[in-house]
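Chemist: my questions are about this predicted structure, shown below with the sequence.
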Amino acid sequence: MKSVLITGANRNIGLETARQLSKKGLLVYLGSRNIEKGNIVLKELTEDGFDNIKAIEIDVTKPDTILSAKNRIETEQGKLDILISNAGILGEVPQHAIDTPIKEIQKVFDTNFFGGISVAQSFLELLKKSKSPRISIITSGLGSLTLHSDPSWKYYDVKHVGYITSKAALNAYTIVLAYELKGLSFKVNAIDPGFTATDFNNHIGTGTIESAAEFIIKHTLTDDDGPTGKFFSNDIEDETELSPW
């Protein structure tokens, strides 16, 4: 049975992704920075018949919890097949480039960028033990420099400086990571689940968590000849033309 760790998975898109992967027969580690909340969700999932999901504490801004999660998965599984780096925050909005305090921007970067790097680096050892390791870095179209430079883009006016710069940096990290792992069997991609109705945006998004999760899984459970170092967006219809880094 393949194993997958999803960070930030105790609600919204992360939780729905856990449900769908569980139904596909994968062993899912449901990452939660608050293990009490994670255990509550796990209890509900178990009552609904999910028996291959485990709650695990992991706060991407706290190295000790990342190491503890890595050690637990190593002890229980010996390897990790899939990492879905989903944890992220929006930060306080509005976020203007001219006056948002540096500490507020740093807070967003600590989770969205540095947290994502910490998790990826920490789990590489276990992922390398898998025959077909996958790293899916959950990003946003708001992190696209190309799209943000296009006044005709429908989200052109959404300019939250901390959030979009942290996601742009994360996209760049995805490219570098995929490049450095290209000689191995890794597939490393940035996946934008689209403007989804979640707690993250007070449910004003136009997409569903079901569609978002399906999109993430589609570009995670890829064949050995699948792409790596790419960006996929659920808000862009023609995936063959994607290059909005």
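Modeler: Happy to help now that I have it.
Chemist: quick one: least confident helix or strand in the chain?
Modeler: When the helices and strands of the chain are scored by mean pLDDT, DSSP states H and E, helix 145-148 comes last with a mean of 90.
Chemist: got the buried residues for that one?
Modeler: 147-148 (16 or more other Cβ atoms under 10 Å). The C-beta positions use only the backbone N, C-alpha and C, and glycine is treated the same way.
Chemist: from the rest of the structure, what touches the helix or strand that that helix is followed by?
Modeler: Later in the chain than helix 145-148, the nearest helix or strand by DSSP states H and E is helix 161-180. Identification of contacts with helix 161-180 by Cβ atoms under 8 Å, 6 or more residues apart in numbering yields 90-91, 93, 95-97, 100, 104-105, 107-109, 111-113, 116-117, 120, 135, 137, 139-140, 142-145, 148, 158, 186, 188-190, 228-231, 245.
Chemist: just those: which are in helices?
Modeler: 104-105, 107-109, 116-117, 120, 145, 148 (DSSP state H).
Chemist: can you tell me which of those residues is nearest I35?
Modeler: Checking the ones in helices among the contacts of helix 161-180 against I35 by Cβ to Cβ gives G116 as the nearest, at 20.4 Å.
Chemist: tell me the bridge partners for the residue nearest to that closest one when sequence neighbours are not counted.
Modeler: Among residues not flanking G116 along the chain, S85 sits closest, at 4.9 Å (Cβ to Cβ, 6 or more residues apart in numbering). Counting by DSSP bridges, S85 forms beta bridges with I137.
Chemist: doesn't T7 make contact with S85?
Modeler: Yes - with contact defined as Cβ atoms under 8 Å, S85 reaches T7; the gap is 5.7 Å.
Chemist: anything in contact with each of the two?
Modeler: Joint contacts of S85 and T7 (Cβ under 8 Å, 6+ apart) are 60, 119.
Chemist: can you give me the distance of A169 to T111?
Modeler: As judged by Cβ to Cβ, to the nearest Å, A169 and T111 stand 12 Å apart.
Chemist: what about the two, which has more around it?
Modeler: A side-by-side neighbour count of A169 and T111, using other Cβ atoms under 10 Å, places T111 first with 21 against 17.
Chemist: mind checking how far the least confident helix or strand of the chain is from the chain centre?
Modeler: Distance of helix 145-148 from its chain centroid, counting by Cα atoms, centre = their mean, to the nearest Å, is 20 Å.
Chemist: got it, and stretch 173-183?
Modeler: Centroid separation for stretch 173-183 versus its chain: 16 Å, with Cα atoms, centre = their mean.
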